[in-house]
Structures are given as structure tokens and as C-alpha cells.
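Asker: Mind folding the following:
(one chain, ligands or ions: 2)
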Amino acid sequence: MLKGGFPRGRMILIRGSPGMGKTILCSQFLYQGLSQGEKSLFISLEESKEQLIREMYFVGMDFRQKEKDGLITFIDASPIRHIPGEVKLGDIRVGKRDFALVALAKKIKSIAAEKKPHRIAIDPLTALSIQYPNDSDLRLMVLDLIEALTQTGATCLMTEELNSTSRGIEEYSVHGVLHLRPLRAGSTTVKTIEISKMRECKHDDQPRLYNITDNGIVVHPEQNVLALLGRRDREQP
Ligand SMILES: Nc1ncnc2c1ncn2[C@@H]1O[C@H](COP(=O)(O)OP(=O)(O)OP(=O)(O)O)[C@@H](O)[C@H]1O
Ligand SMILES: [Mg+2]
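Answerer: Ligands and ions are numbered 1, 2, ... in the order given. This next block holds a predicted model:
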């Protein structure tokens with residue numbers, strides 16, 4: 001669908017509702033890189049490293065060994081979700097959450113300088129955005145993080161859980177955007193993946209079907225989703 005893969009050194013946003021395979025997709029991107037000799041960094045904002053390694057093991061990826069081999073580094077930033085926006089020290093209010101984010105950006109930079117990862121995943125960014133009720137604060141936070149990630153020179157995938165109430169990251173601030181959507185097809189639901197934007201890339205502009213299997217995500221770029229839907233609809237009584 002991408003006619004050769006994600007453009008190197010760019011920021012790509014993966015949007016999708018819960019359970020659509022966002023974590024699997026970005027893990028698979030890192031894992032594939034590892035098998036080609038490229039190092040990786042996984043920044044988890046929701047799940048602990050142990051949870052993540054365990055879940056990915058069930059879909060065919062053994063990150064534990066890769067970590068032992070020094071090929072992948074995990075940053076477990078999930079505690080950030082629980083940090084209050086402000087803490088009161090006597091009469092002074094301190095923006096504790098912002099300090100935590102500055103610390104995260106610093107950590108990304110220092111690990112990137114030491115390990116030189118080619119690929120980075122940050123999953124899910126939504127865990128941070130719900131902490132910023134103010135839109136302009138959210139925008140600044142996202143831009144700061146994108147800046148820190150861009151400076152690493154790595155190709156970065158970040159995920160975002162999108163539902164009707166969530167405020168998304170502006171698409172202009174990233175290089176590419178992918179959507180993972182469930183689609184009702186007659187009496188069943190199928191999963192579709194669509195590249196809605198990818199600068200520098202003459203990509204497939206159609207939604208395509210994919211499955212999640214014991215070996216991770218398998219995309220079917222040869223199948224036309226709209227034609228399939230038409231056929232299923234006609235099959236309905
Ligand atoms: N072996 C498997 N075979 C088929 N489907 C699987 C398998 N393992 C996991 N899944 C599917 O993968 C989904 C989880 O994938 P993943 O954790 O990547 O989703 P996500 O979009 O990151 O979800 P969340 O929003 O909860 O973070 C499950 O909902 C399940 O439907
Ligand atoms: Mg996930």
C-alpha cells in the first residue's frame with residue numbers, strides 16, 4: 001500500500017478505535033526493523049513493559065530476547081497518565097505533569113543519543129492528550145514531543161485512539177496518517193486500513209482489508225473493500 005514503506009525519519013500517526021490493532025501494528029513495524037538489523041525504541045504510555053512483551057508474544061513477536069540482545073529499548077512512561085496536572089506546595093502551584101513531559105522528552109533524547117534507534121513507536125499518544133483539557137496546551141505538548149522525536153532522526157509511529165469525543169492531533173503536524181476502522185459488512189464486521197496522507201509517497205488511496213492473526217497483522221491490498229461490501233449487501237435478504 002505504501003509502495004516501499006514509510007518514508008525514513010518521518011512522523012506517522014496511526015489512528016483507530018480500541019482493539020483495532022494499533023499496538024500490534026507499531027510493534028510489528030519495530031520487530032520487522034530488528035530482523036533487518038535496525039534498532040528500536042518503544043515508548044509505552046499505557047501498558048507496562050511486561051504487559052506489552054506478553055501481549056506481543058501471543059501475536060508472534062519475542063521482544064524479550066531482542067531486548068536482551070540490546071536491539072530494542074523500552075521506556076515505560078505509563079505512570080505519566082496518573083500524574084496530576086498541578087500539585088500544591090504551600091501557596092505555590094507546580095505543573096507537575098509538564099515536568100514529567102519535559103523529563104520524558106529528555107529521556108527520549110538521551111536514549112536516542114546512546115542507542116541510535118532507527119525506528120521508534122509511541123503508543124498511545126491519547127494517554128497524554130486526555131490530560132490536557134485546554135486545546136492550545138495540548139497542541140504545544142504534541143509539538144514539543146514531535147520535535148524531540150524528529151531530532152532523533154528515527155522513523156516514528158505514534159498511535160491515537162479516536163472516538164467521537166476525543167480531540168485529535170492536527171494532521172498537518174505529522175508526515176503521514178493511517179486509519180484503522182471497523183466496517184459493517186452484512187452480518188459481520190471487517191477491519192480496514194487506509195492511508196489518508198503520506199507525503200513524498202505515491203500510496204494506495206483505497207481502504208484495504210486486514211486481519212489480526214497469531215502472526216500479527218496481515219493486510220490484503222489486492223482486495224477491494226467497496227466491491228466486497230457491495231457483494232455482501234446484495235447477499236443480504
Ligand atoms: N492471535 C490473535 N488472533 C486474532 N486476533 C487477535 C489475536 N491477538 C489479538 N487479537 C486482536 O487484537 C486486538 C488487540 O490489538 P492491539 O492491542 O494492538 O489493539 P489496540 O488498537 O492497540 O487496542 P487498545 O485501544 O486497547 O490499545 C484484540 O482486540 C484482538 O481482537
Ligand atoms: Mg494499544
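
Asker: Kindly report the residues of the protein close to ligand 1.
Answerer: 16, 18-24, 58-59, 124, 161, 212-214 (CB under 6 Å from any ligand atom). Placement of C-beta: from N, CA and C, glycine included.

Asker: Restricted to buried residues, select the residues you listed in PyMOL.
Answerer: Typed into PyMOL, the next command selects the buried ones out of the residues of the chain next to ligand 1 (criterion: 16 or more other CB atoms under 10 Å):
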select buried, resi 16+20+21+22+23+24+59+124+161
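
Asker: In strands only, show me the residues of the chain next to ligand 1.
Answerer: Counting by DSSP state E, the part of the residues of the chain next to ligand 1 found in strands is 16, 161, 212-213.

Asker: Mind picking the two most distant members of those residues?
Answerer: By the measure CB to CB, Glu161 and Thr213 form the most distant pair in those, at 22.2 Å.

Asker: Helices of this structure, residue ranges please.
Answerer: Applying DSSP state H to the chain gives helices spanning 22-35, 49-57, 63-68, 96-115, 126-129, 135-151, 225-235.

Asker: closest one to Leu2 among those helices?
Answerer: Here helix 22-35 is closest among the helices of the chain (CB to CB), at 11.1 Å.

Asker: tell me which strands and helices the closest one is in contact with?
Answerer: Counting contacts by 3 or more CB pairs under 8 Å, 6 or more residues apart in numbering; DSSP states H and E, helix 22-35 is packed against strand 11-16, strand 40-44, helix 49-57, helix 63-68, strand 119-123, strand 155-161, strand 216-220.

Asker: Just give me the neighbour total for Ala227.
Answerer: Here the number of neighbours of Ala227 (other CB atoms under 10 Å) works out to 9.

Asker: Give the buried residues for stretch 181-196.
Answerer: By 16+ other CB under 10 Å, the buried positions in stretch 181-196 come out as 181, 185, 190-195.

Asker: er, stretch 38-49 actually
Answerer: In stretch 38-49, counting by 16+ other CB under 10 Å, buried: 38-47, 49.

Asker: Check stretch 49-63 too.
Answerer: Across stretch 49-63, burial judged by 16+ other CB under 10 Å covers 49, 52-53, 56, 59, 61, 63.

Asker: Just give me the closest of those residues to Ser173.
Answerer: For those, the nearest to Ser173 is Leu52 (25.8 Å; CB to CB).

Asker: Could I get the contacting residues of the closest residue to Gln223 other than its chain neighbours?
Answerer: Take Gln223 and drop its neighbours on the chain: the residue closest to it by CB to CB, 6 or more residues apart in numbering is Leu209, 5.1 Å away. Counting by CB atoms under 8 Å, 6 or more residues apart in numbering, Leu209 makes contact with 190-193, 219-220, 223, 225, 228.

Asker: Good, wrapping up.
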